[in-house]
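Asks: Need the 3D shape of this:
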Amino acid sequence: MIRRLRKHRAEHSSVQLVKPLSSASISCHCIGDRYNMSRPADLVQGTLDALILQTLALEPMHGLAVAQRMRARSRDVLNVSRGSLYPALHKLEQQGLLRAEWRLSKSGKRAKYYSLTRAGARHLAKEQKDWDRLSAAITLVLKSS
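Replies: I've put the predicted structure just below:
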């Protein structure tokens, strides 16, 4: 049962570390995964929306460009799969945090470009504040002796 569960997690993970932090390959599935609690990348799954919003706060871009920008800004550590990115983009659009419009990309193909709405900017500010609080608390616990 545990092997099947781990295989399912590996096949359906949404964000993977391109350059593992340790010798083992690390993929993200969810926060609170009791089998992989020591894997720091598990926190990324819960922050995918914030990562997308932050990336789009810089400039409007299409989905593939969002994934490429996140990978580049993380120094090739984060690799967001299409199977996770596009549903998240659509969800954020439905929530009114992103707006989308069809445009021609630099390659000349039609692509859906996403940009942050005012509500999205407010939500991002709240997410950043929550992340700062959480990461500071985690740092306190990990650095405590």
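
Asks: shaky segments in the protein?
Replies: 1-46, 145 (pLDDT under 70).

Asks: Regarding it, what is its longest helix?
Replies: Among all segments of the chain classified by DSSP state H, the helix with the greatest residue count is helix 118-143.

Asks: Which secondary structure elements does that one sit against?
Replies: helix 48-58 (3 or more CB pairs under 8 Å, 6 or more residues apart in numbering; DSSP states H and E). C-betas here are computed from N, CA, C, even on glycine.

Asks: List the buried residues of the longest helix of the chain.
Replies: Within helix 118-143, the residues that count as buried by 16 or more other CB atoms under 10 Å are 120, 123-124, 127, 131.

Asks: Just put those in CSV and tack on distance to Thr55.
Replies: Below are these laid out as CSV (distance: CB to CB, whole Å):
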residue, distance to Thr55
Gly120, 12
His123, 14
Leu124, 10
Glu127, 13
Trp131, 14
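
Asks: Let me know how buried Ala65 is, in neighbour terms.
Replies: By other CB atoms under 10 Å, 18 other residues sit near Ala65.
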